[in-house]
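S.K.: dropping a prediction and its sequence here:
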Amino acid sequence: MKKINLAITGCMGRMGQQLIKSSKSNKNFKLVALTENRVINKKISGIKPDLNSENAFKETNVIIDFTIPKCTLEVLKIASKLKKRVVIGTTGFSKKEENLIKKYSRKIPILKAGNMSLGINLLMYLTEIASKSLGNNFLSKVFEVHHKHKKDYPSGTALMLGKGIAVGKNKFFYKLLGKKFLNKKTFPYSKKINFNSIRKGEIVGNHKVLFSSGKETITLEHEAFDRALYSEGAFTAAKWLISKKPGLYSMRNVLNFK
């Protein structure tokens, strides 16, 4: 099989570095381009990083982007012009930015996931089932812990799980979106979905979805120990995306969860 030419954006970031590391042992991809939002005067894995541009991405088949929303939209604008596929692991998009991503997906194949982990996507699936099964007799909330360097809260994964609760109830997520707490020891249930985010140490990621009737509590939980699981998931997504037509896809599509 011919190798897939790969570009990694945000190459100096935590996930950028992990993606570069994982690419060295992945036989399906050939790393051909790295980009960053500033000038980098050294080679990384034999490649000199560039700024996001048509020239940087012209030889690539697929771009993997774990950066910030502003950068992601910049990448999508270029990718759309060049007809390149994009895997997005960036989180923290506004509703307006989400709509822009949908607009770009009419022109190019885009796979966007708040989390690339198999386990988290299974948790999302189970969350939908639990929410649907438990109905309105149970209130729900989402708890997450990440390393101290993570800026956005709740995490993209926590919001993804909140959407899973809403899907199970057949309701619009933004109407169920409750309060967003940061570094609280405890936080309440409510008729809406409340979120509590802890930022400490170097924790890779821990997520819990809790349902309570007041008489019993059901907890669905996932804990990540190695950042490599996200990069490996991104490569699985990128390989899957190569054969797809323009559209907006998720890890649910890759994993074939119904």
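M.R.: Received, thanks.
S.K.: for this structure, which segments count as strands?
M.R.: Here the chain has its strands, by DSSP state E, at 4-8, 29-34, 62-65, 85-88, 109-112, 139-146, 177-182, 193-199, 205-212, 217-224, 247-249.
S.K.: for Lys239, give me its contacts.
M.R.: In this structure, Lys239 makes contact with Ile4, Asn28, Phe29, judged by Cβ atoms under 8 Å, 6 or more residues apart in numbering. The C-beta positions use only the backbone N, C-alpha and C, and glycine is treated the same way.
S.K.: whoops, I mixed them up, Ile110
M.R.: Listed by Cβ under 8 Å, 6+ apart, the contact set of Ile110 reads Leu76, Arg85, Val86, Val87, Ile88, Ile101, Tyr104, Gly247, Leu248, Tyr249.
S.K.: that one and Ser80: what is the separation?
M.R.: Distance, Ile110 to Ser80, using Cβ to Cβ, to the nearest Å: 9 Å.
S.K.: just to revisit the earlier point, would TSV of the strands of the chain with distance to Phe235 be doable?
M.R.: As requested, the strands of the chain are exported to TSV (distance: least, Cβ to Cβ, whole Å):
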stretch	distance to Phe235
strand 4-8	8
strand 29-34	7
strand 62-65	8
strand 85-88	9
strand 109-112	12
strand 139-146	22
strand 177-182	32
strand 193-199	28
strand 205-212	18
strand 217-224	16
strand 247-249	15
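S.K.: for Arg14, find the nearest of those.
M.R.: Between Arg14 and the strands of the chain, the shortest gap by Cβ to Cβ is with strand 139-146, which sits at 11.0 Å.
S.K.: which strands or helices does the closest one pack on?
M.R.: Applying 3 or more Cβ pairs under 8 Å, 6 or more residues apart in numbering; DSSP states H and E, one finds that strand 139-146 contacts helix 156-168, strand 193-199, strand 205-212.
S.K.: what about Lys42, how many neighbours?
M.R.: 6 (other Cβ atoms under 10 Å).
S.K.: next, name the residue at the spatial heart of the protein.
M.R.: Centroid-nearest residue in the chain, with Cα atoms, centre = their mean: Gly114, separated by 2.5 Å.
S.K.: check contacts around the nearest residue to that residue once chain neighbours are set aside.
M.R.: Spatial nearest neighbour of Gly114, excluding adjacent residues (Cβ to Cβ, 6 or more residues apart in numbering): Gly156 at 3.4 Å. Contact analysis of Gly156 by Cβ under 8 Å, 6+ apart lists Thr90, Thr91, Gly92, Gly114, Asn115.
S.K.: the fourth one contacts Ser155, doesn't it?
M.R.: Same thing as Gly114. Yes: counting by Cβ atoms under 8 Å, Gly114 sits close enough to Ser155 to count as a contact (7.4 Å).
S.K.: who touches both of these two?
M.R.: Joint contacts of Gly114 and Ser155 (Cβ under 8 Å, 6+ apart) are Thr91.
S.K.: may I have the longest helix seen in the chain exported as CSV, CA atoms only?
M.R.: Ranked by residue count under DSSP state H, the longest helix found in the chain is helix 118-134. Extracted C-alpha coordinates of helix 118-134, given in CSV (Å, rounded to 0.1, in the frame of the first residue of the first chain):
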residue,chain,number,x,y,z
LEU,A,118,-11.7,4.2,21.3
GLY,A,119,-12.7,4.0,25.0
ILE,A,120,-14.1,7.6,25.2
ASN,A,121,-16.2,7.0,22.1
LEU,A,122,-17.5,3.8,23.6
LEU,A,123,-18.3,5.8,26.8
MET,A,124,-20.2,8.4,24.6
TYR,A,125,-22.2,5.5,23.1
LEU,A,126,-23.0,4.1,26.6
THR,A,127,-23.9,7.6,27.8
GLU,A,128,-26.5,7.9,25.1
ILE,A,129,-28.0,4.5,26.0
ALA,A,130,-28.0,5.2,29.7
SER,A,131,-29.6,8.6,29.3
LYS,A,132,-32.3,7.2,27.1
SER,A,133,-33.0,4.3,29.4
LEU,A,134,-33.0,6.2,32.6
